[in-house]
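Undergrad: Sequence plus the predicted model coming up.
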Amino acid sequence: MRSKLTWILTPLLVILSLSFSFAQERAVSGTVVDQDNVPLPGVSVVVVGTTSGTQTDFDGNYTIQVNSNQTLRFSYIGQTTVDRNVGTANVVNVQMMEDAEALEEVVVQGYRTSSREKSSIASQTITAATIENRPNANVIQTLSGQVAGLDISTNSGQPGAAPTVRLRGVNSINGNTSPLFIIDGTPVDEDNFRSINPQDIASIDVLKDAGATAVYGNRGANGVVVIKTKRGSFNQPLQINYTGILSFSSLQDNDYNLMNSQEQLTLENQRNAGRGATLTPQEIAAAPTFDWADYFFRTALTQNHNITFQSGGENFTQFTSLGYFNQEGILQDSDLKRFSIRNNVSGRSENERFSYGTQLSINYSDSNEPNNIGAGAINRNYVLGAYQSVPYITPDDYTNGADLLSPLLFSNTPLFLIDRLRTYTRKDEEVKIIGSFNASYKITPELSANIVMSGDYQSEFFTTAEGPESFNALLFGGAQNPTSGNQQQQSTRQFSYNQVTSLNYNNSWGRHTLDAGVYTEYFKAHLRTFGYNSNGLNPQTFYPGDGSGLIPVQIDPNTGGLLFVDTANANILNAGLFSYFSQADYDYDARYGITGTIRRDASYRFAGSNKWATFWSVAGRWNIHNEAFMDGSIFEQLKLRASYGTAGNQRITGTTYFSGPDLTENFFATGAGYGNQNSIFLSQIGNTTLQWETVTQFDVGVDFEMFDRRLRGTVDYYDKVTSDLFQSTPVSAINSVTSLNANTGELSNRGFDFTLNWDVIRSASPDGFNLTLNGVGNFNETKLANIPTETGEVLNADGFTGLRNGGVFNEYFLLRYAGVNPANGNLLFLTADGDVTENPNADTDRVWLGQNLIPKWQGSFGFNMDFKGFFLTTQFNYVTGVDRIDFDLSGFQNPDNIGQFRNTRDLFRAWTPDNRETDIPSYDAFNRAAFTSDRYLTEADYVRLRFLQLGYNFPQRFIEKTGFSRLRIFGNAENLFTWTKWRGFDAEAQDNTSRIYPTPRIMSIGVELGF
């Protein structure tokens, strides 16, 4: 009986034991790689039928608690979803393959997306991997050197400063030259990215050719930059990530070789100028040397903290981020604080016929930005004080503003500026809200209705205040305004709304695919400003930005005139655009394709007869690698593309949406006329024929992948011609107006750009050694035609650059410097015919030099390397063909500045009877300042280590008991080294202005944590 019971119970116990063991949760880990055995970070790993899940780390590793009878689902954008039963395995490794259907939407192509295979356009995509964790407040600065043909130069080191952005050259003389920027469907102002958090950005697509930009019509002439922000994924458990970065910024080096106090005072003594003229050799030897660059510039600290929350269910996803950014500028009195919140939501119906998404970001920034930078104001420009202040004056010499009034000495420049630092306020507060809503409904499987509604709201409150006891207030107030100082405040509100409505058809039959859509787009923008300027402030009650110190208007008892007169201003401006357009793409057998676009646009800027314009393009492709004769070739992809079409620029005066709204109108003004009588006279002749500038572009390109995708790249040739340029055209003076704004002239840009990536070493192991070389480049040349003057030439306002038929954009027009006359130390020049002279004719001997500030070559090269969790990234930017006038060097070498400002040791090489062979003329050369020449025109080509990153991803096994799902540490360096002939602080600025705020060198350390 007992044995029989044992026989019955034993199997039952075994079954119960096995059931219990299978029900036990245990840790299962593994690695996820792609089809090339490259680790995939961010893969969603979910236990099917539960909300339990995790993501792979940077090395593609994961660990998850799971029962033996459960299934793991691995999903990743662009890859086929993989399901794996756990069973008894403790390690589940997965290789994911590209999903052809998922990859159908990976290339932004105007208002729609396409696959790489079926894309006919010239574009380049930058992912979050090369954007995030950089210390730049403005994400556009981070793009520098990353996109072929995108020339980004920063002329200011001010935190958040807007760089100059040009795509494939300069497309306008007086109009806007920046690409159109779109964030999640919202067109935004290219000059205001300081309030946008770069950590929120998922990808940036740069659209270059007419096949991509014609669909944007009157706003696509300069190219288009489409920015997408991060989103959650469906069926994703809550993921929390934190990133913290601490950065230290400092002034880059210069090669001006400036004098110390002993050298400067000795020179002053010899020239009988300045303080040195009154000192003995002993007093000169005892003088301190103070470097004012170390005073006005500083080592600045930046904090950057971001936390994100992302999750998703079966039909709903969300992404939320909180950001705090606080950056000190390297120049005193400059900084930027930013607080940002973003929430992106997407959803779909159960049957997936209806889908929607919302994107909302709320940003607040507080910017302190010094003004008058680049100017020659010795009492306002801190950069001038840093560069040119004499070294024998120290901060201890400062007492107060009143003591600087007499004697009024230029050598006291740094003391004027110390006073300004202590008494001047300039503050810019901004709230920026960008939001969009998109929805799509599938009427049939092939036909869908879509809408994208977006808005951009910006509220700016700007305050400046000059304290009543400051040097500047006392200097400019004087006896007529004994209670000095002034305060200005300006409030600006701007809102723009954009809506795109479309009906789209997509169908495939046999070897044929058709993707077509009809669209309407509506844009409206509104600007409201109000401000005041209050003169006279009460020192007992004054506080910057507060009204308690404002003084009411008073009557001067001596003159009967008014004192402390305040002024106010207000403005209302509106702008609007309307468009309807269509785009169609046909593909045959994934081998041949053609895309056509036509768009009809209306703008508020032009008179009724020219309000509408039409833009169009046609693009084609041949996927050569899909041809039968390519079987067994070295190419995984070989595609030939070509496009031709037009796009417009309705911002013909540059600046903002609201500039030039009334150029078609006649205006009259009042003023003093004949016999000084009050008169009415014509002030503007309206031109009712004004219209868009139009860019016509041809592009042909090749995309290739070869040797098992180890070598990848694109090469494009383009030819662009801008016609109907907005320029001032001479007219008869019979109406007392000598010029008229009109559309005339042409500007061409021709060149080619390329991108290359080469996997030199590709390991089959996730922990193996990988090395990829990369490079981008662009060559561009400009040429002008049909300049509207009798000579075909026009000189710019600066007096030394201009335009001419057949010449380059903003070409230098100068005398040619020929060196120093060894006989007498005077400067030598060349006449127009090439003869040497000391007395050239400034009108007839100047020549066009064929040089300008626009690069001929620009791009970058570098490498990415990783091994066992360690990673190293470099990016070297290069620019050639840029020529700048070094006005700073001119000032340092100018003998007239001896006794007032600091000089360079170059003056020790000055011509004397005993030193005749030299490049520095005699101190007393009669013509040293008589002519503007190319003496200081300097080659500003450079190679710069723009970015360096070194870091380590901790393997999952090291952190599995810490509560973190991811741990990554890294160090960054920006602008670390620069190789150039330019002697100044910053070779990057494409600007001839002197005493500008240079971009800094930045060193950073950071950490990423996942929960």
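TA: Here it is on my side, so go on.
Undergrad: what kind of secondary structure is the spatially most central residue of the chain in?
TA: Most central in the chain under C-alpha atoms, centre = their mean is I140, positioned 2.6 Å from the mean C-alpha point. Under DSSP: H, G, I helix; E, B strand; the rest coil, I140 falls in the helix class.
Undergrad: give the contact list for it.
TA: Residues near I140 by C-beta atoms under 8 Å, 6 or more residues apart in numbering: I152, A162, P163, V165, E190, F193. The C-beta positions use only the backbone N, C-alpha and C, and glycine is treated the same way.
Undergrad: per-residue pLDDT, it?
TA: On pLDDT, I140 comes in at 91.
Undergrad: rewinding a little: ok, of the contacts of I140, which one's closest to L784?
TA: V165 (21.5 Å; C-beta to C-beta).
Undergrad: Quick check: the gap between the closest one and N171.
TA: According to C-beta to C-beta, to the nearest Å, V165 and N171 sit 12 Å apart.
Undergrad: follow-up on the earlier one: nearest to A584 among the contacts of I140?
TA: Using C-beta to C-beta, E190 comes nearest to A584 of those, at 30.0 Å.
Undergrad: so how many other residues sit close to that closest one?
TA: E190: 19 surrounding residues under other C-beta atoms under 10 Å.
Undergrad: returning to what we had before: confidence-wise, which of the contacts of I140 comes last?
TA: Among these, pLDDT bottoms out at E190, giving 80.
Undergrad: Can you classify that residue by secondary structure?
TA: For E190, the assignment made with three-state DSSP gives coil.
Undergrad: Skip the chain neighbours and tell me the closest residue to it.
TA: Sequence neighbours aside, S178 is the residue nearest to E190 in space, at 4.3 Å (criterion: C-beta to C-beta, 6 or more residues apart in numbering).
Undergrad: The one you found contacts V224, doesn't it?
TA: No. Between S178 and V224 there is no contact under C-beta atoms under 8 Å: 10.7 Å.
Undergrad: And the two? Which one has more around it.
TA: Neighbour count, other C-beta under 10 Å: between S178 and V224, V224 has more, with 25 against 22.
Undergrad: Give me the neighbour count for P370.
TA: Neighbours of P370 (other C-beta under 10 Å): 22.
Undergrad: From F297, how far out is it?
TA: Distance from P370 to F297, by C-beta to C-beta: 12 Å.
Undergrad: Quick check: neighbours shared by the two?
TA: L331, Q332.
Undergrad: residues in contact with G850?
TA: G807, V808, E811.
Undergrad: from the residues you listed, which ones fall inside strands?
TA: Under the assignment DSSP state E, the contacts of G850 contribute E811 to strands.
Undergrad: where are the low-confidence patches of this structure?
TA: 1-24, 35-38, 51, 58, 77-78, 98-106, 478-483, 732-737 (pLDDT under 70).
Undergrad: Can you verify G211 is assigned to a helix?
TA: Yes. Using three-state DSSP, the assignment for G211 is a helix.
Undergrad: is it true that it touches D699?
TA: Yes. Between G211 and D699 there is a contact at 7.2 Å, judged by C-beta under 8 Å.
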